[in-house]
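In: Fold the following.
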Amino acid sequence: MSAPELTITRPHAARRVTILGLRVELRPLLVVLGIFLSTRLLLLLVIFLSSAAIPMNTGMFGYADPNNLIVDGLIRHDSWWYVNIVEHGYTMGDIKTGAQGTVTFFPLYPLLVKVVAGPLHNVYLAGLLVSNGALLAALGFLYGLARQEYDEETAARAAFYLAGAPTAVFFSAMYTESLFVALVCATFYFSQRRQWELAAIAGALASATRNTGVLLAAVIALEGMSQQGFRVWPARLIGATATETGAIWWAHIGQRLRSTLRSWRSVLAASYVPIGLLSYMGFLKVTFGDPLGFVHAQATWGRSTSAAGITKIVSSTITNLNIGPNPWSGQINTLTLLCLIATLAFAPLVLVVMLKMRPAYGVYAGLTFFIPLSTGTVGSMTRYVLMLVPCFLLLARWGRRGWVDRLVLGIFLPLMSYFAVLFSHWYFAG
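Out: Modelled structure (predicted):
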């Protein structure tokens, strides 16, 4: 009697399509496109219906296109400063006359808008195309990042949570948020794949998009060091005697040095990240004679940043809440309240990321969270938390539990609609 024949089943290769000369897996592409289209459809529907039915607040700059409620509804607040930069260039501002300096807005986003606006002859449409194209790229990189570290279900949740975040309207508006998040996700993605040249390029572009982009230098260096066994804290400290603790620390310091030397490629790549910032500083030096103009012009906006600013948060928040005798009747500044809630909600997430996730995630999340608070106010934290990519990865991991997933979506999607109405109607949204 012959032995039974062994049948080996080979898994089907992932189907791929070619886009702009790149081979892309079809399934992840469809998932990301589905997330992008479904969340944008909801957002645009809310903006259109609310703009048609609810009277507008008086806008500071007027309206981009009164004949198109969707395009017009996404050109609000800081969008007009980007329009001004694209059409007229940068200004330093003057604190004496009250003129606000546009040099505080970093150059990569308005530069891309200007390039796209050339053939379109429409700066508003160009801005929206750049923002939404960048959002699609951000979702793609975030999906790839989460999939290579966890699984496809977690990747889909992470992308959906980001696209459906409460203030996700800023991703589709003429703002830098989507471009910056795309470059952050790309930096994490390429760093984990040890593609240091691409990580350096993404980081350098991020540092030309927002001032906090330079933080990605630490991300790249730490990721490379972690892959070589780097640890922030030594293991086995608990229960060790004083003598043992000293020996453990000396061994840990030696291990740190060895991991740093072995990760020289990531450290070298990290050194290229400030190129974007330095290039902008060079432009400011040549144009205005002040390479730190983007810092000095903050005064024309009534802003300043310092470590001591964090100590003023409680007093400034209480003042800005403007609580009346009966807050339940609406006698409270609801936007400051929402900024406070966003700060308190993401603070424990940042802490968990710092303690439990990759060192690169922890350092990035911690600095990205605390730097805006150094202004001494929680203002705009509803928007700034969009930059906390590791927190969305953490939520996606927790979302494996059905009740957590339903809770996140039950909070995020209604608030996304609420903030879309605020933003499109010329109310402050973050």
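In: CA only for contacts and neighbour counts going forward, please
Out: Will do.
In: remind me which residues of this protein are low pLDDT?
Out: Where the chain drops to pLDDT under 70, the residues are 1-14, 17-24, 59-62, 95-96, 98, 229-263, 302-310.
In: How about the most centrally placed residue in it, nearest residue that isn't a chain neighbour?
Out: In the chain, the centroid-proximal residue (C-alpha atoms, centre = their mean) is M387; its distance is 2.4 Å. With C-alpha to C-alpha, 6 or more residues apart in numbering as the criterion, M387 has its nearest non-adjacent residue at 6.1 Å, and that residue is V181.
In: give the contact list for the one you found.
Out: Contacts for V181 (C-alpha atoms under 8 Å, 6 or more residues apart in numbering) come out as 135, 138, 386-387, 389.
In: swap in F105?
Out: Here F105 is in contact with 82, 210, 294 (criterion: C-alpha under 8 Å, 6+ apart).
In: sorry, back to before: wait, doesn't the residue nearest to the centre of the chain sit right on T368?
Out: Yes. Using C-alpha atoms under 8 Å, M387 is in contact with T368, at 7.3 Å.
In: Determine how far stretch 420-430 lies from the middle of the whole chain.
Out: The chain centre lies 19 Å from the centre of stretch 420-430; the measure is C-alpha atoms, centre = their mean, to the nearest Å.
In: buried residues in that stretch?
Out: Residues of stretch 420-430 classed as buried: 420-427, 429-430 (neighbour count, 16 or more other C-alpha atoms under 10 Å).
In: Which one of the residues you listed is nearest to V71?
Out: Relative to V71, the closest of the buried residues of stretch 420-430 is S424; by C-alpha to C-alpha it sits at 9.7 Å.
In: could you measure the nearest residue to the closest one once chain neighbours are set aside against F36, distance?
Out: Among residues not flanking S424 along the chain, G73 sits closest, at 4.3 Å (C-alpha to C-alpha, 6+ apart). Per C-alpha to C-alpha, to the nearest Å, G73 is found 19 Å from F36.
In: With G224 instead?
Out: Distance, G224 to F36, by C-alpha to C-alpha: 31 Å.
In: Who has more neighbours out of those two?
Out: Ranked by neighbour count (other C-alpha atoms under 10 Å), G224 and F36 place G224 first, with 28 against 21.
In: and the strand or helix carrying that one, which residues are buried?
Out: In this structure, G224 sits in helix 216-227 according to DSSP states H and E. Neighbour counts using 16+ other C-alpha under 10 Å place 216-226 of helix 216-227 among the buried residues.
In: now the residues you listed as JSON lines including distance to A53?
Out: Shown next, in JSON lines, are those (distance: C-alpha to C-alpha, whole Å):
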{"residue": "L216", "distance to A53": "44"}
{"residue": "A217", "distance to A53": "47"}
{"residue": "A218", "distance to A53": "48"}
{"residue": "V219", "distance to A53": "46"}
{"residue": "I220", "distance to A53": "48"}
{"residue": "A221", "distance to A53": "51"}
{"residue": "L222", "distance to A53": "51"}
{"residue": "E223", "distance to A53": "50"}
{"residue": "G224", "distance to A53": "53"}
{"residue": "M225", "distance to A53": "55"}
{"residue": "S226", "distance to A53": "54"}
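In: So Y175 is in contact with W81, correct?
Out: No. If you go by C-alpha under 8 Å, Y175 and W81 don't touch, sitting 9.7 Å apart.
In: Those two: which has the busier surroundings?
Out: For Y175 and W81, the more surrounded residue by other C-alpha under 10 Å is Y175, and the numbers stand at 26 against 20.
In: Look up how far L135 lies from that one.
Out: Relative to L135, and taking C-alpha to C-alpha, Y175 is found at 11 Å.
In: so where do the strands sit in the chain?
Out: Ranges of strands in the chain, per DSSP state E, are 16-19, 22-25.
In: circling back: ok, and the most crowded of the contacts of F105?
Out: Neighbour tally across these (other C-alpha under 10 Å): the maximum, 29 neighbours, falls on Y82.
In: Could you find the closest non-adjacent residue to it?
Out: P110 is the one closest to Y82 (C-alpha to C-alpha, 6+ apart), at 6.0 Å.
In: Show me how far stretch 324-335 is from its chain's centre.
Out: 31 Å.
In: Now it - C-alpha only, CSV.
Out: Extracted in CSV, the C-alpha atoms of stretch 324-335 (Å, rounded to 0.1, in the frame of the first residue of the first chain):
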residue,chain,number,x,y,z
GLY,A,324,-21.1,81.9,34.3
PRO,A,325,-23.5,81.4,37.3
ASN,A,326,-25.3,78.6,35.4
PRO,A,327,-22.9,76.7,33.0
TRP,A,328,-25.6,74.1,32.3
SER,A,329,-27.6,76.8,30.5
GLY,A,330,-24.6,77.4,28.1
GLN,A,331,-22.8,80.0,30.2
ILE,A,332,-19.4,78.5,29.4
ASN,A,333,-16.9,78.8,26.6
THR,A,334,-17.6,75.4,24.9
LEU,A,335,-14.6,75.5,22.6
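In: Alright, calling it a day.
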